[in-house]
Each structure stands twice: as C-alpha cells, then as structure tokens.
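J.: pasted the sequence and its predicted model underneath.
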Amino acid sequence: MSNNIVPNDVPEEEFSDEEISGSEHGEEPPDLGHPATDDEEDDENLEVDILAKDWLAEKAEKEAVRLRGLGVKPLVLKVKNYGVLREVDHVRPILINRVEIETGFDLNRIRQVLVAESEEYPHKEGFRAANVLLFTENMTLPILIPYIYPASGNDLKEWLLINARGLRSRQSIGEFHDL
C-alpha cells in the first residue's frame, strides 16, 4: 500500500445514521451522514446500509475461516459505525479512520493493526473495503473487524477505535508490508 497525498476534495461519508461527535482536537467534524431530501432517498440509503452491513459481515466471516485454517483464532466483532475524520491542524490534512466497535474491551490494549488488501465495494461507487486485524499482546487471538471507507486519498494509516462505552484508542500504522 502506498502513501497518498491527501487531496482537499476527499469525499466524507459513512454507513450509519448515527451522528459523529467532535474530534479529539476540539473541532467539529464534517457531517458524514446521508443527506435526505425525501422518504424515497431515506429508504434507498437504508437499503445501502443494510446491504453494506451484510456484505461486510460475509467478507469478515470468510477471512475468519481462512485464518482458522492457519491456526489463528480471530474474534470477529461487529462494527456499529464507520467514518473518516479529517484532522486539519497539520501541513497536510490527515485522514483518521474512525470505527465504533460493539465491545466493552479496552481497545488501548491493541498493540498492532494489520490491514488486509482492500477491494472495491461493489454496491457504492468510490468506496473500498478491507478486513482489519487488531492484535493485543496475545498474537494468536486477534480481533477481526470489517471496514468500509471512501477510497480517495485514504492511506489507512491513522485509526480511532471506540468501544461500546465510548473509550477511545488512537492507533497509527508506521509502514505496510506485503505478507
């Protein structure tokens, strides 16, 4: 995976009806929700959300089966909300991949983040999806989560993981390696 310079016109969307609260640096993040002009558009967005959720769950389960065949026992967790935040107080804006995970687990125990090769999400143009492995000190029991994101300019190196209690963990990937 390569480092991309983040363009100023990165689309910012998500697959949840939940509103995103402020960023870690006190600035209000952009509204990443779906704009709705009428009930028909709301229904269409809800269908996309349900389709994405099912598609991602299927991809994560296939990866879990593959990993189990290699002797790794991943814990597949559900994701409540996805989003991309733009942190602008740098020379180049940094995109932060925000994921709310349905778990009470203390995500500050994560020591390593591995991102699988991404693929195009076939049901919404401009989006990609990847499975993400989160490792604690116990490398044989990783947490597996699916992730979907707007593809433009996102190098997937910065992560904000939030558990069900609202506790946040900021993670960074220094470099990528092909395995």
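T.: Great, that's in hand.
J.: going by C-alpha atoms from here, please, whenever you check contacts or count neighbours.
T.: OK.
J.: distance of the most centrally placed residue in the chain from Leu107?
T.: When the chain is reduced to its mean C-alpha position, the closest residue under Cα atoms, centre = their mean turns out to be Tyr147, at 3.9 Å. Spatial separation of Tyr147 from Leu107 under the definition Cα to Cα, to the nearest Å is 16 Å.
J.: now Ile148
T.: According to Cα to Cα, Ile148 stands 19 Å off from Leu107.
J.: so which of the two has more stuff around it?
T.: Of the pair Ile148 and Leu107, Ile148 is the one with more neighbours under other Cα atoms under 10 Å, namely 24 against 21.
J.: quickly find the element holding that one.
T.: Using DSSP states H and E, the secondary-structure element containing Ile148 is strand 143-150.
J.: and that strand, what does it pack against?
T.: Applying 3 or more Cα pairs under 8 Å, 6 or more residues apart in numbering; DSSP states H and E, one finds that strand 143-150 makes contact with helix 39-69, strand 75-76, strand 79-87, strand 127-135.
J.: what residues sit buried inside stretch 163-175?
T.: Applying a neighbour-count criterion of 16 or more other Cα atoms under 10 Å, one finds 163, 168, 170-171 buried in stretch 163-175.
J.: and for stretch 140-147?
T.: Using 16+ other Cα under 10 Å as the test for burial, stretch 140-147 gives 141-147.
J.: for the residue lying closest to Asn81 once chain neighbours are set aside, give me its contacts.
T.: What sits nearest to Asn81 in space, not counting adjacent residues and going by Cα to Cα, 6 or more residues apart in numbering, is Glu100, at 5.0 Å. Shown here is Glu100, whose contacts under the criterion Cα atoms under 8 Å, 6 or more residues apart in numbering are 79-82, 161-164.
J.: let's go with 6 Å and repeat that
T.: Glu100 is in contact with 79-81, 162-163, counting by Cα atoms under 6 Å, 6 or more residues apart in numbering.
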